[in-house]
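> Sequence and predicted structure below; questions after.
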Amino acid sequence: QVQLVESGGGLVQPGGSLRLSCAASGFTSSIVSLSWHRQAPGKERELVARISSFGVILNYADTVKGRFTISRDNAQNTVALQMNSLKVEDTAVYYCRALSSSGGVYWGQGTQVTVSS
């Protein structure tokens, strides 16, 4: 089992920045990739960015390329999402997800990001 806890969400003005963090605990050695997803009201959950267990960035959503950066600290068992040049349309609940070598899928509880003037 893997447990994930997100933090760092909040209210920010358009053009501002936020840094989200996700702390993993439990059987962290089984994690093969970590990713951030988001879900806006009335919309489906979508992938934002994904990184492998070796720190290789696997992909970004086209809507966040050049603005968001995913990073991983294996020593701390954390994954971060640095979000710059935030737009109103980035408003959503952001979730951290882990995939394990056995095929397990684990989600955090989510953290709200609101971009508004």
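Arrived safely, thanks for sending. Numbers count the residues shown, from 1 in each chain.

> per-residue confidence at the residue nearest in space to the middle of the chain?
Centre of the chain computed as the mean C-alpha position; nearest residue by Cα atoms, centre = their mean is W36, 2.6 Å away. Reported pLDDT at W36 in the predicted model: 98.

> Show me what it bridges to in the sheet.
A49, C96 (DSSP bridges).

> Please determine how far it is located from C96.
6 Å (Cβ to Cβ, to the nearest Å). Every C-beta, even on glycine, is put in place using the N, C-alpha and C of the backbone.

> shared neighbours, the two?
Common contacts of W36 and C96 (Cβ atoms under 8 Å, 6 or more residues apart in numbering): 20, 22, 79.

> Before we go further, the second one is sitting in a strand, right?
It stands for C22. Yes: assignment of C22 by DSSP: H, G, I helix; E, B strand; the rest coil places it within a strand.

> for stretch 56-63, what is the average pLDDT?
Mean predicted lDDT for stretch 56-63 stands at 91.

> Alpha carbons only: can I get stretch 97-109 in PDB?
The C-alpha trace of stretch 97-109 is given here as PDB (Å, rounded to 0.1, in the frame of the first residue of the first chain):
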ATOM      1  CA  ARG A  97      -1.300   9.600  -8.200                       C
ATOM      2  CA  ALA A  98       1.200   6.700  -7.800                       C
ATOM      3  CA  LEU A  99       1.500   3.600  -9.900                       C
ATOM      4  CA  SER A 100       3.200   0.600  -8.400                       C
ATOM      5  CA  SER A 101       5.200  -2.200  -9.900                       C
ATOM      6  CA  SER A 102       2.300  -4.600  -9.100                       C
ATOM      7  CA  GLY A 103      -0.200  -2.500 -11.000                       C
ATOM      8  CA  GLY A 104      -1.600  -0.700  -7.900                       C
ATOM      9  CA  VAL A 105      -3.100   2.700  -8.400                       C
ATOM     10  CA  TYR A 106      -3.100   5.100  -5.500                       C
ATOM     11  CA  TRP A 107      -4.600   8.600  -5.200                       C
ATOM     12  CA  GLY A 108      -4.200  11.400  -2.800                       C
ATOM     13  CA  GLN A 109      -7.100  13.300  -1.300                       C
END
